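[1] The sequence and its predicted three-dimensional model are supplied below.
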Amino acid sequence: MSVDGSAIDRRLARGALLPLHRGVFAVGHRHLTLEGRWLAAVLAAGPGAVLSHRDAAALHGIRKPPELEKVSVSTPSAAKGTSALWVYGRRQLHEEDVTTVRGVPTTSPARTLVDLAPMLTAGQLQATLGEADRRRLLDVGATHRALRRLRTRHGQGHQRLLAALDAHEQRGITLLRSELEERFLDLMIKARLPQPALNARAAGFQVDALWRDEHLVVELDGWAHHKERQAAAWDRDKTNRLQHAGYVVLRFMHGDLVHRPQEIAAQIRNALAR
């Protein structure tokens, strides 16, 4: 059903239509679901547009939704961005690069990984591959084909994704529970230390990082940790039991990773050497 301009103006005047983007309106209210906001952004970018980058990763469930309200879309046209849209214009979008999830046109998981690679650290990228694999969305062949199609965009992102795919093939799924663990994994990669098993089990406990052969455990505590006396007591008991089982246990806070990463890397290197 087509609606002429005067009819739209009347509906706008009485509040039946509410503008979201140029030419895109909400009916009755602006309280949209996240999928509704994403679909509105895709429609605003014009024919052939799809959700992309961080927002596409969130739609696929392989990254958390971005904190910014500005939505990322890719389009083969020369459309320009707005205060509400990041528009990646003149993009080559092969039919294999495009899919639909819950009614929202979006880049495929493989193309999303290629687009995201320059934006993520090595640790974040490995974690994203792990989550894609866990959700059965990781298609290594399709990812390599997307890389080849975009060979003119060779750069740090391409190399980082190839390295992450290689690491994933060698070590299997890397599942992280927090940004703190992503930061820790980044540190291990940058310091060229052997990568541990993450969220593994040792002596009956789940630990944040484990070097099994070296009997080394690292536990990571966020800002809010240890505020509860019961939690602190549990950590002490866990540490004591791990040490009794023969593990060396190192604990680091969020601030340690931010302010003294080289010192942490040195401590772990020395512990592994022992």
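    It's in.

[2] For this structure, just list every one of the helices.
    5-13, 34-44, 53-60, 109-116, 122-134, 140-149, 156-171, 179-190, 229-244, 254-259, 261-273 (DSSP state H).

[3] In a markdown table, list those helices along with mean pLDDT and distance to A79.
    Every residue, glycine included, has its C-beta placed from N, CA and C. A markdown table is the format used below for the helices of the chain (pLDDT from 0 to 100; distance: least, CB to CB, whole Å):
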| stretch | mean pLDDT | distance to A79 |
| --- | --- | --- |
| helix 5-13 | 53 | 21 |
| helix 34-44 | 87 | 9 |
| helix 53-60 | 97 | 15 |
| helix 109-116 | 97 | 17 |
| helix 122-134 | 91 | 27 |
| helix 140-149 | 94 | 21 |
| helix 156-171 | 87 | 23 |
| helix 179-190 | 90 | 32 |
| helix 229-244 | 80 | 50 |
| helix 254-259 | 88 | 39 |
| helix 261-273 | 96 | 41 |
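
[4] nearest to L93, of the ones you listed?
    Closest approach to L93 among the helices of the chain is made by helix 109-116 (7.9 Å; CB to CB).

[5] For the residue nearest the centre of the chain, which residues are in contact?
    Geometric centre of the chain, nearest residue: R63, 3.2 Å, by CA atoms, centre = their mean. Under the criterion of CB atoms under 8 Å, 6 or more residues apart in numbering, the neighbours of R63 are R54, A57, L116, T128, E131.

[6] Go through the residues you listed and say which is closest to R37.
    R54 (13.5 Å).

[7] Quick check, that closest one in contact with P66.
    Yes - counting by CB atoms under 8 Å, R54 touches P66, with 4.5 Å between them.

[8] Please work out which of the helices of the chain is packed deepest.
    Comparing those by mean neighbour count (mean count of other CB atoms under 10 Å), helix 109-116 comes out on top with a mean of 26.

[9] which outside residues touch that one?
    52-54, 56-57, 60, 62-63, 74, 88, 93, 96-98, 106-107, 125, 128-129, 132, 137-139, 142-143, 145-147, 150, 157-158, 161.

[10] Can you lay out the contacts of R63 as TSV showing distance to Q170?
    Formatted as TSV, those follow (distance: CB to CB, whole Å):
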residue	distance to Q170
R54	27
A57	23
L116	21
T128	17
E131	18
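
[11] of the residues you listed, closest to L187?
    Ranked by distance to L187 (CB to CB), the contacts of R63 are led by T128 at 17.6 Å.

[12] right, and the closest one touches A57 too?
    Yes - the pair T128 / A57 is scored as a contact, 6.8 Å apart, by CB under 8 Å.

[13] List the residues that contact the closest residue to T128 other than its chain neighbours.
    In this structure, T128 finds its nearest non-sequential neighbour in I62, 5.3 Å apart by CB to CB, 6 or more residues apart in numbering. By CB under 8 Å, 6+ apart, I62 lies in contact with P109, T112, T128, E131, A132, R135, L137.

[14] try it again with 6 Å
    T128, E131, A132 (CB atoms under 6 Å, 6 or more residues apart in numbering).

[15] Columns distance to Q243 on top of the residues you listed, output as JSON lines?
    Output for the contacts of I62, formatted as JSON lines (distance: CB to CB, whole Å):
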{"residue": "T128", "distance to Q243": "34"}
{"residue": "E131", "distance to Q243": "32"}
{"residue": "A132", "distance to Q243": "36"}
